[in-house]
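Novice: Next input, structure requested:
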Amino acid sequence: MTLPAKVLIVDDLEEIRWLLSELLRREGMETKETEDGETALSLISLESPDVVLMDIQMPGMNGLEALKQARKLDGDLPIIMITAFAEIQGAVEAMKAGAYDYLVKPFDNREVIQCIRRALTERQRKRQIRHLEDRTEQGWSLRELMGGSEIVRQLEAEVARVAPTDFSVVISGETGAGKDLVARAIHAGSVRSSGPFLAVDCGAIPDSLIESELFGYERGAFTGADRIRIGKFEAASGGTLFLDEISNLPVGMQSKLLRVLQEKRVYRIGSTSGVKVDVRVIAATNRDLRSLVEEKTFREDIFHRLSEYAIHVPPLRERPDDIVSLAKRFLDWTNWELNKTVRGFSESAMERMLSYDWPGNVRELRNVVRRATLLADEVIHAEHLGPEVTPASVKPSNIVLETLPEGPLSLKAIVHRSTMQVECEVLTRVLRKTAGNKAEAARLLHIDYKTIHAKLRQYGIQPSSKFKNKV
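Specialist: Numbering: from 1, shown residues only. Down below sits the predicted model:
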């Protein structure tokens with residue numbers, strides 16, 4: 001039996017919500033309604049709708065901002081924006097920000113249904129591709145997934161050493177380097193391999209939702225909690241829970257996580273009785289947790305509890321031998337996805353890929369190859385890679401470090417201070433480039449929205465009118 005499609009309707013006008021709900025229910029779809037962007041984000045996290053219809057103009061958080069936040073919660077969720085004819089420019093901005101499509105009021109009922117059905121088809125296609133990729137990757141070695149370099153062989157050895165144990169593991173490395181693949185390999189090599197492997201991106205979930213996501217809630221625990229919902233800890237019992245970007249976990253939640261790890265018992269929101277869980281925790285971070293402990297933004301006790309074993313995944317620029325094999329693998333996948341027969345890469349394209357520093361790592365390489373495959377006919381040439389794929393040697397670099405500080409500072413302290421200077425300078429310049437748009441700055445820097453907020457608070461940078469119209 002096929003379950004009805006779930007559609008979330010977000011509009012501050014009750015008559016619009018009613019009209020759309022009646023139309024969709026007659027088509028056999030299940031609907032949920034809300035009048036504001038903040039509640040919509042909660043429902044997206046809690047209800048996992050198949051499609052969202054969202055008005056652009058709403059009081060409080062408008063549709064554009066809600067769209068950007070929702071894309072972080074579920075990047076594949078099709079969001080259709082609702083707009084008046086006079087607000088078409090807002091719809092164009094929404095499309096640039098990742099909206100699936102837009103509808104103009106007053107609606108044509110047939111157009112609404114056709115647009116939603118197209119979105120549902122696209123959603124199902126992406127799910128099938130992801131499911132096929134997951135099934136294909138099961139049983140593959142890290143060498144087949146990440147490349148055949150000596151660095152990857154060393155990672156394989158570390159995974160083989162720690163996987164059979166029940167140690168908690170912290171995996172460090174830059175965003176997009178492959179930390180999730182290492183986590184999955186540890187699970188696959190463990191005695192828990194027949195149990196579930198669940199991942200939670202701590203950087204993508206709003207602080208107000210992270211507790212219910214991890215621990216669940218009882219019916220009636222808060223407005224909108226109309227049934228019991230188990231959290232990721234209970235769902236992963238008997239298997240592995242992967243906490244990605246653990247450094248973004250709020251300090252208050254760190255203490256609750258520590259309690260669960262020590263007691264092996266989880267407390268749903270609204271309940272005073274615990275539920276016993278048997279979960280192995282693997283955490284990943286793109287930041288130095290020891291430095292965060294020193295800065296008092298990450299608890300020392302949870303750091304030691306999580307890092308019973310530590311693995312570092314080097315960035316792609318330190319693994320040039322892996323670029324060729326990964327690029328060919330991504331080309332094969334994209335040929336299948338797009339039903340194309342692009343044969344390979346020209347010599348100039350391969351030279352450019354090998355000389356580029358890949359700040360987005362493997363994730364960026366995959367995106368570049370997918371786009372290039374779409375553009376190419378028979379062979380991928382250098383021009384198909386895009387202007388951003390430029391050899392590091394020809395990129396301008398004008399960040400100048402201050403002179404060495406006076407006094408008997410250690411090398412570690414000097415490097416730490418210099419790193420902070422560079423970070424502050426980079427953040428300031430990128431915010432000037434984006435005219436103060438923090439979400440766009442986070443995208444350019446390949447970090448999540450919560451991380452850039454934390455960095456701005458740390459350095460006392462206040463994006464304001466002084467960033468407007470400056471480059």
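Novice: Which element, helix or strand, includes the nearest residue to Gly224 once chain neighbours are set aside?
Specialist: Using CB to CB, 6 or more residues apart in numbering and skipping residues adjacent in sequence, the residue nearest Gly224 is Ser42, 6.8 Å away. C-beta coordinates here come from the backbone N, C-alpha and C atoms, glycine included. If you go by DSSP states H and E, Ser42 is part of helix 37-47.
Novice: Please name every helix or strand in contact with that helix.
Specialist: strand 6-10, strand 30-34, strand 51-55, helix 63-73, helix 207-215 (3 or more CB pairs under 8 Å, 6 or more residues apart in numbering; DSSP states H and E).
Novice: Quick one: closest of these to Arg118.
Specialist: Of all the helices and strands packed on helix 37-47, strand 51-55 sits nearest to Arg118, with 9.8 Å by CB to CB.
Novice: re earlier: buried set for the helix holding Ser42?
Specialist: 37, 39-46 (16 or more other CB atoms under 10 Å).
Novice: pLDDT and distance to Tyr100 for those residues - can I get that in TSV?
Specialist: Output for the buried residues of helix 37-47, formatted as TSV (pLDDT from 0 to 100; distance: CB to CB, whole Å):
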residue	pLDDT	distance to Tyr100
Gly37	89	17
Thr39	88	21
Ala40	89	15
Leu41	89	17
Ser42	85	21
Leu43	87	18
Ile44	87	14
Ser45	80	19
Leu46	77	21
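Novice: Pick the one among those residues closest to Val251.
Specialist: Looking across the buried residues of helix 37-47 and measuring by CB to CB, the closest to Val251 is Ser45, at 20.9 Å.
Novice: Look up the closest residue to that closest one, ignoring the ones flanking it.
Specialist: Leu209 (4.9 Å).
Novice: Then Thr373?
Specialist: Nearest to Thr373 is Thr334, by CB to CB, 6+ apart, at 4.1 Å.
Novice: Give me the three-state assignment for that neighbour.
Specialist: helix (DSSP: H, G, I helix; E, B strand; the rest coil).
Novice: Spit out the contact partners of it.
Specialist: 340, 342, 369-370, 373-374 (CB atoms under 8 Å, 6 or more residues apart in numbering).
Novice: Now Arg371: which helix or strand?
Specialist: helix 361-375.
Novice: Who are the packing partners of that helix?
Specialist: helix 320-338, helix 347-355, strand 379-380.
Novice: can you rerun that using 10 Å?
Specialist: helix 179-188, helix 320-338, helix 347-355, strand 379-380 (3 or more CB pairs under 10 Å, 6 or more residues apart in numbering; DSSP states H and E).
Novice: Mind putting the ones you listed into a markdown table with distance to Glu295 and mean pLDDT?
Specialist: Converted to a markdown table, these look like this (distance: least, CB to CB, whole Å; pLDDT from 0 to 100):
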| stretch | distance to Glu295 | mean pLDDT |
| --- | --- | --- |
| helix 179-188 | 22 | 93 |
| helix 320-338 | 33 | 90 |
| helix 347-355 | 36 | 91 |
| strand 379-380 | 44 | 95 |
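Novice: Of these, flag the one that's most buried.
Specialist: helix 179-188 (a mean of 23; mean count of other CB atoms under 10 Å).
Novice: Can you check what angle separates that one from helix 361-375?
Specialist: 110 degrees (axes from the mean of the first three to the mean of the last three CA atoms, to 10 degrees).
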